[in-house]
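>>> Predicted model and sequence follow; I will ask about them next.
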Amino acid sequence: MKNKDSKGHVTGRSIYIDDIPENKEILYGALVTSPVSHGIIEELDISAAEAVFGVVKVLTAHDIPGENQIGAIVRDEPLLAEKNVHFTGQPIAVVLAIDEETAQMAAKKIILKIKEIEAVIDPRLAAEKKQFLVPSRTFKQGDVTNAWGKCVHIIEGRATSGGQEHLYLETQSAYAVPLENGNIKIYSSTQGPTGVQSITARVLNFPMHRIEVDVNRLGGGFGGKEDQATPWAVMCALGVFYTGKPVKIILPRNVDMITTGKRHPYEYDFKIGLDKNLKIIAFEAVYYQNGGAATDLSPAIMERTLFHVTNAYFIPNVKATVHSCRTNIPPSTAFRGFGAPQAMFLIESAIAKAADVLGVSTIEIQKKNLIRKGETFPYGQSPDQDNAVKVWEQYDEEFNINNEIKKVEEYNKTHLAKKKGYALTPICFGISFTNKSMNQARALVHIYYDGSIGISTGAIEMGQGVNTKLMQVAAKTLSVNTKRVKIESTNTTRVSNTSPTAASSGADLNGKALEIACRKLYIKLIKVAAGMLNASENDIILKDENVFIVDKKTDITWEKLIMTAHFERIGLTENGHYATPGLHFDTKKEQGNPFAYYVFGVAGTIVTVDTIRGTYQIDKVNIVHDFGNTINKIIDYGQIEGAVMQGIGWLTIEDLQFAENGRLLANTLSTYKIPDIYFTPQKINISELKTKGHEAAILKSKAVGEPPFNYGIGSFIAIQQAIKSFNKNYNFSLDAPLTNEKVLIGLYD
């Protein structure tokens, strides 16, 4: 089945926030933000803006009727700055006017004087100053201190991975409208409608039931709209509260880039030890997470970093510590992978660095240390299958690792102006929210008496195809054509207390809840059919929109069955609730089973570096991926391809630069480069791991959104292998992203 939204997207008929018909009384919001990264507000004069014709209201912190606080985990982030500012782009005021031009023009008339204070943007410096967002955490396994004596080879170093701009096609957007009795409806481009609902209620001092949040779809999210879509929705609702008129805020691209948080930049210290057979005996690392000016989702992201410090390997002695550092950049936030890519980047870079120092193959070290069933990760959970080894063996069988290495070596012997590099990247990614309470979902299913079906869940469609998969789940469970199924918008009045669509769990959680609701309806309909046919319920089957007795088709169609059920006053609406079983984690011991299952895979990346210019091309990415039993190959393959490109971009050309004073330098698409059509790998070959799938995955089809992002790590290592073949004295770099300038320096250093 193709993505149900494809036709709407390419014809421009898909509806986003800015496509919703506007009320004639609508007001538009324009932000006034801090021009400095750290300071004290000495004067905020809004009188000139209020005097502009067409301006209806200027909102400041003093207008907030409830709590001026939008922090989800820790309440340390004001909606509008009151006395202090902590990052460039921090919202201070919102001008509401009859059109966008008037609002933006009036915003420029506001007099804002700020006494600037020295900003801290380096997480190591923040750690020295004890500027932490939350207490640091450490995962341990074995005895690292005594393990070093058993190591023949010990390599130490530092590493850096940069931030990353989400660059969703639809910028942060919200539209709020007044309802009767003082209630408010918000159309929000958010991955977490309940988060928007609860925090809006907090700021307005409302109970949650007075706030309705509706999400049709997002024009991309990647984690950037899990928590950071909230303030704009709250501002719109605050505007409705004061004016009684609809309010819309859609951030211009440059404002969005300056104001919103990115992927967490990390700094690392590491030490890795191997025995004479290249088995990794010990690994110790300190991760300095640049959390920005407020906590946002940093605690959860630091936790997922800890869960992935050893990637797909078994290391008997591990000590990993993460410091979540408060700095003066926009609050860093969720981004595809949610802290796991930073952890995987470090262990893969440490292995590559060790191989470079020892003069051995990185691939040899990787293969010897793959985790097997029964071996544990540092937090105590063990994979229930040997899929880390199986994907490696299947990759070798299908793509022939030695042959790929040989072809690269032969090319490099006969070429000087261009050199090729090759790297393998195994991955292991845990699937579940690491906050246990978030691993739940609900679904509401109506069967209308004409046989059509309406479905509401907590899942948010943002281009990943979750709605298409949900249609497939309902159609398969009830054995009807997908054309009968309609997926409604995600709405907090139909499905309450939703978890964000994040952590690659949207299809699993909501699909399982939907399956439960549909099974309830199926059982009801079996009873009705048995009565109509005077047959045993055990013999009745619904198949392809017809009723069967065992394997014999009857004359009872789906429509006839539904109409009969309706006339017999059988309820044709059901709710389904799903909570992932078997999850537990003790944060005092830092041990437990936080994941429902793991996704494994291996990617081989081949690159060509231009030794004259320092540019590079990604020739090929060959992948064996653990899909489980995919229910939609087209969508899943598309997710792999997009994730690979995004991962490659993070570690190569996406250079998120901040000035020393905390101002974002890469704040436009002329100064911040992402992979385009010319940067795309010439070929991506995807093969499915031969496996039965996992019961915790919806219809045994495993989550696919985040795991393949980590295949991009291979490009960082492969490019350096190419550099090494040209410059024998090159020292393996642990500084990402690996831009063209860095490559050129490496070629001739």
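Done, it's in.
>>> Can you give the domain ranges for the chain?
Segmentation of the chain into domains, based on automatic domain parsing, reads 6-118+166-259, 266-434+588-748, 440-579.
>>> ok, L665 touching A659?
Yes - using CB atoms under 8 Å, L665 is in contact with A659, at 5.6 Å. Heads up, the C-betas are built off the backbone N, CA and C, glycines and all.
>>> What is the neighbour count of E50?
Look at E50: counted by other CB atoms under 10 Å, it has 15 neighbours.
>>> Enumerate every residue touching the closest residue to E545 other than its chain neighbours.
Leaving aside its sequence neighbours, E545 sits nearest to W558 (CB to CB, 6 or more residues apart in numbering; 4.0 Å). Shown here is W558, whose contacts under the criterion CB atoms under 8 Å, 6 or more residues apart in numbering are 451, 480, 484, 542, 545-546.
>>> Apply 7 Å and report the result again.
451, 480, 545-546 (CB atoms under 7 Å, 6 or more residues apart in numbering).
>>> Show the backbone phi and psi for R613.
Main-chain torsions, R613, degrees, to the nearest 10: phi -100, psi -20.
>>> Count residues in the vicinity of P265, would you?
Neighbours of P265 using other CB under 10 Å come to 26.
>>> ok now do it, which residues does it touch?
161-163, 290.
>>> re earlier: how about the contacts of W558 in JSON lines, adding secondary structure, neighbour count and distance to L424?
Shown next, in JSON lines, are those (DSSP: H, G, I helix; E, B strand; the rest coil; neighbours: other CB atoms under 10 Å; distance: CB to CB, whole Å):
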{"residue": "G451", "secondary structure": "coil", "neighbour count": "16", "distance to L424": "51"}
{"residue": "V480", "secondary structure": "coil", "neighbour count": "21", "distance to L424": "44"}
{"residue": "E545", "secondary structure": "coil", "neighbour count": "16", "distance to L424": "48"}
{"residue": "N546", "secondary structure": "strand", "neighbour count": "16", "distance to L424": "50"}
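>>> wait, which of the residues you listed is closest to G746?
V480 (58.8 Å; CB to CB).
>>> so K2 makes contact with I634?
Yes - at 6.1 Å, K2 counts as touching I634 under the criterion of CB atoms under 7 Å.
>>> right, and the helix or strand after the lowest-mean-pLDDT helix or strand in the chain?
For the chain, counting by mean pLDDT, DSSP states H and E, helix 6-11 ranks last in confidence among helices and strands (a mean of 94). Where DSSP states H and E defines the elements, the next helix or strand beyond helix 6-11 is strand 27-33.
>>> for the helix or strand just after that next one, packing partners?
Following strand 27-33 in sequence order, the next helix or strand is strand 39-45 (DSSP H and E). Strand 39-45 makes packing contacts with strand 84-85, strand 111-116 when contacts are defined by 3 or more CB pairs under 7 Å, 6 or more residues apart in numbering; DSSP states H and E.
>>> Let's have these in JSON lines, adding distance to E461.
Below are these laid out as JSON lines (distance: least, CB to CB, whole Å):
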{"stretch": "strand 84-85", "distance to E461": "36"}
{"stretch": "strand 111-116", "distance to E461": "39"}
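>>> C-alpha coordinates for stretch 246-259, PDB please?
In PDB, the C-alpha atoms belonging to stretch 246-259 read as follows (Å, rounded to 0.1, in the frame of the first residue of the first chain):
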ATOM      1  CA  PRO A 246      -8.500  34.100  16.600                       C
ATOM      2  CA  VAL A 247      -4.700  34.400  16.600                       C
ATOM      3  CA  LYS A 248      -2.100  32.800  14.300                       C
ATOM      4  CA  ILE A 249       1.700  32.700  14.700                       C
ATOM      5  CA  ILE A 250       3.900  31.200  11.900                       C
ATOM      6  CA  LEU A 251       7.600  31.800  12.400                       C
ATOM      7  CA  PRO A 252       9.600  33.100   9.500                       C
ATOM      8  CA  ARG A 253      12.400  30.700   8.600                       C
ATOM      9  CA  ASN A 254      15.200  32.900  10.000                       C
ATOM     10  CA  VAL A 255      13.300  33.500  13.200                       C
ATOM     11  CA  ASP A 256      12.600  29.800  13.600                       C
ATOM     12  CA  MET A 257      16.300  29.000  13.100                       C
ATOM     13  CA  ILE A 258      17.500  31.600  15.700                       C
ATOM     14  CA  THR A 259      14.800  31.000  18.300                       C
END
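>>> Can you list the buried residues in it?
The neighbour-count check on stretch 246-259 (16 or more other CB atoms under 10 Å) flags 246-251, 255-259 as buried.
>>> Just the ones in helices from those, please.
Among the buried residues of stretch 246-259, the members found in helices (DSSP state H) are 255-259.
>>> Using PDB, write out the CA atom coordinates for the strand or helix carrying N146.
Secondary structure from DSSP H and E places N146 in helix 144-147. Extracted in PDB, the C-alpha atoms of helix 144-147 (Å, rounded to 0.1, in the frame of the first residue of the first chain):
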ATOM      1  CA  VAL A 144      36.800  -0.500  34.800                       C
ATOM      2  CA  THR A 145      39.500   0.500  37.300                       C
ATOM      3  CA  ASN A 146      41.000  -3.000  37.500                       C
ATOM      4  CA  ALA A 147      40.300  -3.800  33.800                       C
END
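>>> let's have the chain start at 6 instead
Yep, numbering from 6; the last one is helix 149-152 now.
>>> rewinding a little: check the offset of the least confident helix or strand of the chain from the chain's centre.
Helix 11-16 sits 24 Å away from the centroid of its parent chain (CA atoms, centre = their mean, to the nearest Å).
>>> repeat for stretch 626-645
The answer for stretch 626-645 is 17 Å, by CA atoms, centre = their mean.
>>> Same question for that stretch: list its buried residues.
Of the residues in stretch 626-645, 626-633, 635-637, 640-645 count as buried by neighbour count, 16+ other CB under 10 Å.
>>> Please, which helix or strand holds W397?
Per DSSP H and E, W397 falls inside helix 392-404.
>>> On the C-terminal side of that helix, identify the next helix or strand.
Taking DSSP H and E, what comes next after helix 392-404 is helix 406-419.
>>> per-residue confidence at the residue nearest to A508 when sequence neighbours are not counted?
Leaving out its chain neighbours, the residue that sits closest to A508 by CB to CB, 6+ apart is F438, at 4.9 Å. Looking at F438, its pLDDT stands at 98.
>>> And for F438, the neighbour number?
By other CB under 10 Å, 24 other residues sit near F438.
>>> still on that earlier bit, pick the most buried one from the helices and strands packed on strand 44-50.
Highest mean neighbour count of those: strand 89-90, a mean of 22 (counted as mean count of other CB atoms under 10 Å).
>>> hmm, who's touching that one?
39, 41, 43-46, 119.
>>> Which is the succeeding secondary structure element to it?
Scanning onward from strand 89-90 (DSSP H and E), the first element met is strand 96-102.
>>> returning to that earlier point: between the contacts of W563, which is nearest A708?
Set against A708, the nearest of the contacts of W563 by CB to CB is V485 (25.7 Å).
>>> Please identify the nearest residue in space to the closest one, excluding sequence neighbours.
Closest to V485 by CB to CB, 6+ apart is E550, at 5.3 Å.
>>> Same check on L174?
Distances taken as CB to CB, 6+ apart put G224 closest to L174, at 4.4 Å, once the chain neighbours are dropped.
>>> The one you found - how many residues pack around it?
Residues near G224, counting by other CB under 10 Å: 18.
>>> And the lengthiest helix in the chain, what's buried?
For the chain, the longest helix by residue count, based on DSSP H, is helix 511-538. Within helix 511-538, the residues scored as buried using 16+ other CB under 10 Å are 511-523, 525-526, 529-531, 533-535, 537.
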